[in-house]
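My questions are about this predicted structure, shown below with the sequence.
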Amino acid sequence: MVGILFYLTKFILFFGLYFSFLWVLILLNSSPERKFNLKKYPNVSIIVPAYNEEIGIQKTIKSCLALKYKGKLQIIVVNDCSTDKTFEIANKYQSQITIIDKKKNGGKAGAVNSGLEIAKYEYIGVIDADSEISTYSVENAIKYFYQKDKKEEVGAVISKMKPTNESGNLLERIQLIEYMMVGLMRSMSASIRLLHLTPGVLSIYRKDILDKLGGFDHNNMTEDFEIGVRVRKLGYLIEYAHNSPVYTNTPSTFSIFLKQRIRWSRGFFQTHKKHSDIMFNKKYGMYGMYQFPMNILGPVIYFLAIYLISFKLYQKLYEIIFKLMNAPDTITWFSIESIGEFIKDLFLTIDPKIDFLITFSLICFVVLVYGIIKFYNYNFFKKDTLKKIFALLFYIMVYNYVYIYVWIVSFIKELQHKKYDWGTKN
């Protein structure tokens, strides 16, 4: 058993260091924005699939109508047999938007496909019914389709997601950190042409590509992720629009959070099973030889590394508490001599293989925080500093274990072929 742990540690150390160096170099050499203008802007159809979204649908529609865009816009709201007041609220804007009122619930993919059938413009935007688009998001995102510095054509462009409830409870603050980390990784992936997903918060596609693909997959829980993989399989790039922010609410309760993340994880398994032919396939270039395999191998290595790192940190914390509890006098324990003795003991028991991994991982994490400030122009610690430091520590020490639980539950549900009905986050 000791031998297995030894080689496992070496394996994780090697891959952890390799990919940490790789992403740090990518980050330091990435540019957050590229400015360019178009002489003529193409027309865009925006589809808003909605099921029981009476709380947020009005804000979503208003944000679409408030868009500043130099081409024509068509706003299509698809009410997928909602049982609340979603249709009534959307119907107030019938003179400005197109409304499809479906009488049979067909899921989010079916709702988007219904919108595609009547979409009349050459580009298609898809936005969740609980999100808000900023005024120039579509205009800034559409420019990425006309870049001249890429050999491959751009098939889809995704936006920068920002939580609107970032200063709420601990769970919401943790998700703020997560969204920024994920956004940063997507930005860096796009910079090396490996971005492969199109989240539903706001993604824009070429309509001819969606028509060629036959629309969104009805049988996938994360149809937005799956369609992005198919766009890549056709040989098109997916771009990340830094200057195209879209605002969305994150789950505020743990039960809603788990439901959302389990659905995402199940969609991940479904997509990778469906498109397993990409794995190590030279036909798809670096996407097939590196990115797709790393989608599967990466989380395994990541969780093992988190386990080793947090185990060591918890061990050190235990040593501190144990010494404190066994000290004859607490005041004496905090004397300079006692602290010096403790530090000396700590360094004498260091395992260079694991502790170097901890040190380097923490350095990489600091670099990523720098990246968040650089790419988001957001100082994480500017407001509610103590609360956000606690959220950051919770994210590092606890949150990843929650996600391990999510992955295990999702995998079991997929094996059991459990059904899932789409709807709001609750």
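On my side now, so go ahead. Numbering: from 1, shown residues only.

in the stretch 101-250 of the chain, which spans are strands?
Per DSSP state E, counting those that start in this stretch, the stretch 101-250 of the chain carries strands over the ranges 123-126, 131-133, 154-163, 203-206, 237-248.

Relative to Ile262, which of these is closest?
Across these, Ile262 has its closest neighbour in strand 237-248 (18.5 Å, Cβ to Cβ). Quick note: C-beta positions are derived from backbone N, CA and C, even for glycine.

I'd like the next helix or strand past the closest one.
helix 254-274 (DSSP states H and E).

and Arg261, how far is that from Val402?
Applying Cβ to Cβ, to the nearest Å, the value for Arg261 to Val402 is 8 Å.

swap that for Gly125, please
Following Cβ to Cβ, the distance that separates Gly125 from Val402 is 33 Å.

Can you pull the domain assignment for this protein?
Using automatic domain parsing, the domain parsing of the chain gives 2-26+293-415, 34-279.

want to try CSV for those domains, with mean neighbour count, distance to Gly285 and mean pLDDT as columns?
Formatted as CSV, the domains of the chain follow (neighbours: other Cβ atoms under 10 Å; distance: least, Cβ to Cβ, whole Å; pLDDT from 0 to 100):
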stretch, mean neighbour count, distance to Gly285, mean pLDDT
domain 2-26+293-415, 14, 13, 66
domain 34-279, 19, 9, 91
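
would TSV of those domains with distance to Met286 be doable?
TSV is the format used below for the domains of the chain (distance: least, Cβ to Cβ, whole Å):
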stretch	distance to Met286
domain 2-26+293-415	10
domain 34-279	6
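
circling back to that earlier point, distance to Asn105 added to the strands of the stretch 101-250 of the chain, as CSV?
Listed next are the strands of the stretch 101-250 of the chain as CSV, based on distance: least, Cβ to Cβ, whole Å:
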stretch, distance to Asn105
strand 123-126, 18
strand 131-133, 21
strand 154-163, 26
strand 203-206, 23
strand 237-248, 23
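
Show me the one of those strands that comes nearest Val398.
Taking those one by one with Cβ to Cβ, strand 154-163 is closest: 19.2 Å.

was I right about Ile174 contacting Leu393?
No: using Cβ atoms under 8 Å, Ile174 is not in contact with Leu393; the gap is 10.1 Å.

show me what contacts Lys120?
Neighbour list for Lys120: Asn43, Ser45, Gln74 [criterion: Cβ atoms under 8 Å, 6 or more residues apart in numbering].

Return the member of these nearest to Asp224.
Ranked by distance to Asp224 (Cβ to Cβ), these are led by Ser45 at 16.7 Å.

The nearest residue to the closest one once chain neighbours are set aside and Asp277: what is the separation?
Leaving out its chain neighbours, the residue that sits closest to Ser45 by Cβ to Cβ, 6 or more residues apart in numbering is Ala119, at 3.7 Å. Per Cβ to Cβ, Ala119 is found 30 Å from Asp277.

same thing with Asn249?
37 Å.

for Tyr136, same thing?
Taking Cβ to Cβ, one finds Tyr136 at 39 Å from Asp277.

Could you do Ile99 as well?
Separation of Ile99 from Asp277 (Cβ to Cβ): 39 Å.

now swap in Leu67 and tell me
Distance, Leu67 to Asp277, using Cβ to Cβ: 39 Å.

Show the contacting residues for the nearest residue to Ala66 once chain neighbours are set aside.
Excluding the flanking residues, the one nearest Ala66 by Cβ to Cβ, 6+ apart is Thr135, at 6.2 Å. Applying Cβ under 8 Å, 6+ apart, one finds that Thr135 lies in contact with Ala66, Leu67, Lys68.

and which of the residues you listed is nearest Lys418?
The closest of those to Lys418 turns out to be Leu67 (Cβ to Cβ; 38.9 Å).

Does the closest one touch Ala141 like I think?
No: the criterion here is Cβ under 8 Å, and Leu67 misses it with Ala141 at 11.0 Å.

Now do the phi/psi pair for Ile99.
Note on Ile99: its backbone torsions stand at phi -120, psi 130 [degrees, to the nearest 10].

ugh, wrong one, Tyr51
Backbone torsions of Tyr51, given as degrees, to the nearest 10, read phi -140, psi 110.

can you check Ile389 too?
phi -60, psi -40.

hmm, back to that, out of the domains of the chain, nearest to Tyr287?
Ranking these by their distance to Tyr287 (criterion: Cβ to Cβ) puts domain 34-279 first, at 5.6 Å.

Over to Pro293. Which of the three states is it?
Here Pro293 is recorded as helix under DSSP: H, G, I helix; E, B strand; the rest coil.

Renumber starting at 40 from here on
Let's use 40 as the start, then, which means that last one is Pro332.

my guess is it meets Phe319, correct?
Yes: counting by Cβ under 8 Å, Phe319 is a contact partner of Pro332 at 6.2 Å.

where along the stretch 140-289 of the chain do the helices fall?
Residue ranges of the helices in the stretch 140-289 of the chain, as given by DSSP state H, counting those that start in this stretch, are 146-157, 176-181, 209-230, 246-252, 262-272.

I'd like to know which of those is closest to Thr424.
Thr424 lies closest, by Cβ to Cβ, to one member of the helices of the stretch 140-289 of the chain: helix 209-230, at 11.6 Å.

downstream neighbour of the helix or strand containing Val87 in the secondary structure list?
Under the criterion of DSSP H and E, Val87 resides in strand 83-89. Downstream of strand 83-89, the next assigned helix or strand under DSSP H and E is helix 96-104.

Give me the contact list for that next one.
85, 87, 89, 92, 112, 114, 116, 125, 128-129, 131-132, 135-136, 166-173.
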